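> Only the shape, not the letters, is given here:
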């Protein structure tokens, strides 16, 4: 299973004041708060962690069909920072693997339920997508008469649609 999240950094600066009282406390665990405090660019770390949580939550929601606001139940860990950010998110005993790319304009995180799937994620065009009654997206492949799992994210100027590549 997969999920993804993209954050338009310019848009986030317009929409969200991450430095306002209570913002960090409401969304992040104590360990995450320390990561934010210690990082050379706290704003980027805030949105990196948020992006990891959102991408992992999309898998959790697909698995459970439960829609709930649980940012502090999604606990992020970072394994390495270069050449891309690799980490994982734990939620209710489930582990989701993440890979994040940061540019000057956006942060894009992909998440997968296995590390093997994480290495086989590709970006696709947004066509042929349908959503279930729970809002979970799938790609309809008409010549195969099948549905493939996809994840969609958009924010500001950016949209990403991903799926797992087939061998």
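The structure has been received and is ready for your questions. All of these numbers come straight from a predicted model, not from anything done at the bench.
> And the helices in this protein, which stretches?
9-15, 23-27, 30-38, 42-64, 115-118 (DSSP state H).
> can you tell which of those is closest to residue 133?
Ranking the helices of the chain by distance to residue 133, with C-beta to C-beta as the measure, places helix 42-64 first at 13.3 Å. (C-beta placed from N, C-alpha, C; glycine too.)
> Against which helices or strands is that closest one packed?
Packing partners of helix 42-64 (3 or more C-beta pairs under 8 Å, 6 or more residues apart in numbering; DSSP states H and E): strand 2-8, helix 23-27, helix 30-38, strand 74-80, strand 85-91, strand 94-102, strand 106-112, strand 146-155.
> 6 Å - rerun?
Under the contact definition 3 or more C-beta pairs under 6 Å, 6 or more residues apart in numbering; DSSP states H and E, helix 42-64 sits against strand 2-8, helix 30-38, strand 74-80, strand 85-91, strand 94-102, strand 106-112.
> Most tightly packed of these?
Greatest average neighbour count among those goes to strand 106-112 (a mean of 26), per mean count of other C-beta atoms under 10 Å.
> Mind listing the strands that one pairs with, and their directions?
strand 2-8 (antiparallel), strand 94-102 (antiparallel) (DSSP bridges).
> which one of the ones you listed lies closest to residue 160?
Taking these one by one with C-beta to C-beta, strand 2-8 is closest: 4.8 Å.
> Let me know the angle separating that closest one from strand 85-91.
In terms of direction (axes from the mean of the first three to the mean of the last three C-alpha atoms, to 10 degrees), strand 2-8 departs from strand 85-91 by 120 degrees.
> which other residues reach strand 2-8?
47, 51, 54-55, 58-59, 106-112, 151, 153, 155-158, 160, 162 (C-beta atoms under 6 Å, 6 or more residues apart in numbering).
> What average pLDDT does that strand get?
In this model, strand 2-8 has a mean pLDDT of 98.
> Highest mean neighbour count out of the helices of the chain?
Mean neighbour counts for the helices of the chain (mean count of other C-beta under 10 Å) peak at helix 42-64, with a mean of 22.
> got a list of contacts for that one?
1, 3-5, 7, 12, 18, 32, 35-36, 39, 71, 74, 76, 89, 91, 96, 98, 100, 107, 109, 111, 113, 136, 151.
> Check the gap between the most centrally placed residue in the chain and residue 21 for me.
By C-alpha atoms, centre = their mean, the mean C-alpha position of the chain lies nearest to residue 55, the distance being 2.0 Å. Computed as C-beta to C-beta, to the nearest Å, the residue 55 to residue 21 distance reads 27 Å.
> Then residue 38?
21 Å.
> Which strand residues bridge residue 149?
With DSSP bridges as the rule, residue 149 is bridged to residue 138.
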